[in-house]
Structure formats: C-alpha cells, structure tokens
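S.K.: generate coordinates for the sequence data below:
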Amino acid sequence: MLPQLSRFWKLHKYPTLFVLGSILFYISFAYDLERTDFIKLIMLYGGVFFFCHKLIKLEHWNFKFLLAAGILFRLVFLLAEPNLSQDFYRFIWDGELVKNGINPYLHTPNDIMKDGVPSIPLLMETYMGMGDLSAKHYSNYPPLNQVVFAISTFLGGNTILGSIIYMRLFIIAADIGILVLGRKLLQNLKMQSHMAFWYFLNPLVIIELTGNLHFEGVMLFFFVCALFLISKKKWLLATPFYAASIMVKLVPILFLPLFLKYFGFKKSIWFYALIGLSCLIFLLPFYSPVFINNYSETVGLWFSNFEFNAGVYNITKKISVEYFDAKPWKLIKVYGKLVAGLVILGALLLTFLRKNNNLPHLIGSMLILLTGYYFLSSTVHPWYIVFLVTLSIFTQYRFAMLWSFLVILSYFAYSNPDFKENLWLLAIEYFLVFGFLIYEIKYKQGKKLHFFKK
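M.R.: Below is the predicted model:
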C-alpha cells in the first residue's frame with residue numbers, strides 16, 4: 001500500500017496539492033464567507049479558478065482523478081446553507097406546497113400567509129427567508145423543477161438543511177451525468193473528450209449550482225442527453241428529454257426553431273409535436289384555467305422589471321436617462337419588449353440564414369443566439385453563464401470560459417446595503433468578454449482553441 005501511495009505522490013504531487021488547496025478554498029467559500037465581503041469572495045474565486053485550470057492542464061487524460069476531484073469539491077458544500085442566494089427558500093416553499101397538494105402557480109406566498117400560517121412545516125421559516133420580491137409573485141419555476149422541490153422536501157424530514165441536502169444530491173447527480181454524456185457527445189463529434197471537465201470542474205458551476213442550489217445543471221443534464229441521443233440518430237427518444245429540460249428551465253425553448261434545417265421540415269414537425277406533447281404531460285398535474293395567465297405574468301417580469309449585471313441595457317439606460325430624460329421604470333418595460341422581439345428575430349435569422357445541417361453547426365447557432373440574448377438582457381445572473389459554458393465545450397469558442405471567471409465581478413452589488421452595482425466593474429467584465437469573442441471570431445475561426453497545449 002505504501003509503495004503505491006509513494007508512486008501516486010510522485011506522479012500526481014502537484015495536482016494533489018491543487019485538489020487540497022481547492023478543497024480548503026471551497027470550505028472557506030461554503031462556511032466562512034459573507035456575500036458582502038467582496039474582496040474575500042473574488043480572492044477565493046480567483047484561487048479555485050487557477051487550481052481548476054492547472055488540474056485540467058496536468059490531468060486532462062486522467063478521468064478518474066478529475067472525476068473524484070469534482071465530486072469532492074461538490075461534497076464540501078453538502079451541509080452548507082447557500083450564502084450567495086436566498087432562492088432556496090422559495091424552492092423549499094414551493095416543494096412544501098406541492099407535497100401538500102397545493103398548486104404553487106395559483107397562489108402567491110403573501111396570499112397564502114395573509115389569513116394566518118397554514119399548518120405546513122417550514123412555511124413560516126421559508127416565507128421569512130425568501131424576501132419581499134419573491135413573496136408577492138407566483139412561482140416561476142417550471143413543473144419538473146417543482147417535482148424535484150417536492151421530492152427533496154419530502155425526503156428532507158421537514159427541515160431546511162435536509163431539503164437542501166437532497167436538492168444538492170439531485171444537482172450533483174445531474175453534473176456527473178453531464179460529464180459522462182458530455183464526453184460521449186464530444187467523442188461522437190470527433191472532439192477532445194476532456195473538454196467536458198471545463199464544465200465539471202468549473203468553479204462557477206460548482207459554486208452556483210451545488211453551492212447555491214440553482215437547477216441549471218438538472219436542465220443541462222436533460223439537454224445534453226437529448227443532444228447525445230440526436231447525435232446517435234435517436235431523435236424520437238430525444239424528444240421527452242428535451243421537453244424535460246424545458247420543464248426544468250425554459251431556456252431551451254429558444255433553440256427549437258434552429259432544428260428546422262437539421263431535421264428537415266417533415267421530421268421537424270414530428271420533433272416539435274412530440275416535444276409539445278411531452279411538455280403538456282409534464283404540465284397536466286399543475287394545469288388550471290388561470291395557470292397560463294399567472295405563470296406568464298411572473299415570467300414576463302424578467303423582461304420588464306428586473307435588472308442585474310446587464311451589458312447593452314446599462315449603456316442604453318445611461319444614454320437614455322442622461323440625454324433623453326427617459327424614466328428608468330418606463331425604459332425597462334419598453335426595452336424588455338424590444339429584447340424579446342430581437343431574440344425571436346435572431347432565432348429566425350439563424351434558422352434560415354445559417355447552416356444548421358450538422359450538430360456542430362447547430363450547437364454553434366445555439367451559442368450565438370444565447371450569447372446575443374445575454375448581451376442584450378437586463379438581467380444576467382452569474383449562474384446563467386453555465387449554459388454558455390456547456391454549449392461552448394462543443395464548439396471552438398472559449399469566451400464563455402472567460403465569462404464564467406469574470407462574472408464574479410457582478411457580486412460587488414451584494415457588498416452594498418442598497419445592492420448598488422459598480423458600472424465600472426461591469427464595463428470591465430463585458431469589455432473583456434466581448435473583446436475576446438471578437439478576437440476569436442476574427443483570428444481563430446475555423447481553428448480549434450485550447451486554454452492549454454497537450
């Protein structure tokens with residue numbers, strides 16, 4: 001045993017030290033960080049990002065080593081309460097409602113609590129924790145997400161921490177699934193399979209998904225599964241998985257028009273119909289006459305009310321307010337409608353004007369569309385970038401990796417009591433990301449890009 005350990009140490013001394021260093025940093029992140037401490041936040045984040053780069057550079061050939069490292073990093077967070085987001089309170093609230101047969105799309109938390117606290121465990125605690133903004137709106141989390149919430153609260157034994165643990169286990173399992181299927185998809189696309197570790201070991205993925213309990217990973221598991229099945233010519237089997245990804249997070253709806261050229265008209269009709277039917281089956285247990293109105297009203301708020309870490313919107317707002325005397329609360333509503341229209345137009349242009357007749361081109365179009373949407377959007381939370389990271393792995397572009405590092409600058413807003421953003425930091429973030437993207441398009445198109453050489 002000792003000779004084996006000695007040999008392992010000689011072969012993997014520095015990677016092992018990088019793993020241990022990452023674990024220490026993640027422990028500090030999970031159990032000893034206030035989100036108001038911006039300097040500590042970016043120092044820890046910069047450290048784990050450096051270790052991530054070094055680990056993939058040195059051990060990209062060693063699947064078992066990097067798999068174990070990624071799982072260990074996630075398990076560090078298992079018993080921690082999320083410290084960069086309070087969304088988990090709403091997740092548990094919704095889960096408790098569903099578990100007790102109450103439709104979360106029909107009642108706002110304020111409506112339920114106004115007549116007194118119902119005799120349901122955790123409602124008061126989660127109501128107090130979710131914040132005023134969440135409490136006055138209907139749930140905006142799709143049906144399959146609600147099922148995960150309900151299962152987690154059921155297994156969690158009527159405790160906040162128990163529910164958190166089971167949600168984390170769902171997310172960790174999804175991430176492992178993405179790694180396994182992502183490597184197989186990369187092999188099918190004749191790309192280097194180790195690129196999947198840029199998802200699995202990415203600190204943004206670990207901190208925002210496992211740490212802060214955002215369910216992009218669960219959505220992406222179903223999404224990558226659908227793409228893998230499509231790459232194997234099993235597109236019929238892919239449809240319920242694609243529908244499931246939509247029913248966890250709505251984002252994959254954006255990409256549906258892009259499949260038109262890939263499948264051809266007749267096959268596309270079947271593809272869309274089967275996805276639509278699968279979505280209806282997922283929706284059926286939650287459907288009521290007012291469901292569509294309540295849900296669309298809540299989702300619409302993201303286009304017309306909220307702003308965080310915005311790129312083009314901040315420039316538009318600055319010019320409109322200073323030079324044209326625009327009212328910010330009116331501007332964002334008009335801007336939100338304009339962005340929705342531009343995204344639809346962009347999807348149509350990419351559908352009919354770009355080659356999407358093979359899977360790499362199709363995924364490239366998805367990356368273009370989602371990148372354009374995030375550049376234009378008035379709200380870009382850090383965990384949104386995880387989808388770009390995933391798509392970029394299957395293309396030649398790496399700007400999303402840079403963005404996954406720089407997006408931490410947006411958390412400066414939480415260091416202020418009034419959550420005021422630093423526009424200079426956001427300008428640095430977007431300038432560097434957009435600049436690197438332009439560099440890739442201009443100088444590296446048609447070539448494979450790597451953060452390191454083999």
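S.K.: list the residues that contact the nearest residue to N305 once chain neighbours are set aside.
M.R.: With sequence-adjacent residues excluded and distances taken as CB to CB, 6 or more residues apart in numbering, N305 is closest to I332, at 6.8 Å. C-betas here are computed from N, CA, C, even on glycine. Neighbouring residues of I332 by CB atoms under 8 Å, 6 or more residues apart in numbering: S304, N305, E307, Y313, K317, S378.
S.K.: same deal with T379?
M.R.: If you count contacts by CB under 8 Å, 6+ apart, T379 has them with W302, F306, E307, F308, N309, A310.
S.K.: so what's the fifth one closest to, chain neighbours aside?
M.R.: The reference is to N309. The spatial neighbour of N309 that comes closest, neighbours along the chain excluded (CB to CB, 6+ apart), is S410 at 3.8 Å.
S.K.: wait, W9 sits on L17?
M.R.: No: in terms of CB atoms under 8 Å, W9 does not count as a neighbour of L17; the distance is 10.0 Å.
S.K.: what do these two both touch?
M.R.: Overlap of the contact sets of W9 and L17 (by CB under 8 Å, 6+ apart) is empty.
S.K.: show me where pLDDT drops low in the stretch 301-450 of the chain?
M.R.: Segments of the stretch 301-450 of the chain classed as low confidence (criterion: pLDDT under 70) are 301-304, 444-450.
S.K.: okay, helices next: where are they in it?
M.R.: If you assign secondary structure with DSSP state H, counting those that start in this stretch, the helices in the stretch 301-450 of the chain sit at 312-324, 328-353, 359-376, 385-393, 399-406, 423-443.
S.K.: any chance of those helices in TSV, with distance to E81 too?
M.R.: Putting the helices of the stretch 301-450 of the chain into TSV (distance: least, CB to CB, whole Å) gives the following:
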stretch	distance to E81
helix 312-324	31
helix 328-353	32
helix 359-376	28
helix 385-393	21
helix 399-406	24
helix 423-443	27
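S.K.: residue nearest the centroid of this structure?
M.R.: With distances taken as CA atoms, centre = their mean, the residue of the chain nearest its centroid is E216 (3.7 Å).
S.K.: give me the distance from stretch 114-133 to the chain's centre.
M.R.: 27 Å (CA atoms, centre = their mean, to the nearest Å).
S.K.: mind listing what's buried along that stretch?
M.R.: Buried residues in stretch 114-133, defined by neighbour count with 16 or more other CB atoms under 10 Å: I120, P121, L122, L123, T126, Y127, G129, M130.
S.K.: just put these in a markdown table and tack on secondary structure.
M.R.: As requested, the buried residues of stretch 114-133 are arranged in a markdown table below (DSSP: H, G, I helix; E, B strand; the rest coil):
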| residue | secondary structure |
| --- | --- |
| I120 | coil |
| P121 | coil |
| L122 | coil |
| L123 | helix |
| T126 | helix |
| Y127 | helix |
| G129 | helix |
| M130 | helix |
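S.K.: quick check, nearest of these to K114?
M.R.: Y127 (11.0 Å; CB to CB).
S.K.: ok, the closest one - contacts?
M.R.: Contacts were defined as CB under 8 Å, 6+ apart; by that measure Y127 touches Y89, W93, P109, M113, A135.
S.K.: can you check F352 too?
M.R.: Under the criterion of CB under 8 Å, 6+ apart, the neighbours of F352 are L260, K261.
S.K.: where's it relative to L369, distance?
M.R.: Going from F352 to L369 by CB to CB, to the nearest Å gives 13 Å.
S.K.: give me the below-cutoff pLDDT ranges for the stretch 101-250 of the chain.
M.R.: Applying pLDDT under 70 to the stretch 101-250 of the chain flags the ranges 117.
S.K.: repeat that with 50
M.R.: The stretch 101-250 of the chain contains no residues with pLDDT under 50.
S.K.: could you dump stretch 171-181 to PDB, C-alpha only?
M.R.: In PDB, the C-alpha atoms belonging to stretch 171-181 read as follows (Å, rounded to 0.1, in the frame of the first residue of the first chain):
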ATOM      1  CA  ILE A 171     -27.700  18.600  -8.700                       C
ATOM      2  CA  ILE A 172     -24.600  16.600  -8.100                       C
ATOM      3  CA  ALA A 173     -26.000  13.500  -9.800                       C
ATOM      4  CA  ALA A 174     -27.000  15.700 -12.800                       C
ATOM      5  CA  ASP A 175     -23.500  17.200 -13.100                       C
ATOM      6  CA  ILE A 176     -22.000  13.700 -13.100                       C
ATOM      7  CA  GLY A 177     -24.500  12.700 -15.800                       C
ATOM      8  CA  ILE A 178     -23.400  15.800 -17.900                       C
ATOM      9  CA  LEU A 179     -19.800  14.800 -17.600                       C
ATOM     10  CA  VAL A 180     -20.400  11.200 -18.700                       C
ATOM     11  CA  LEU A 181     -22.800  12.100 -21.600                       C
END
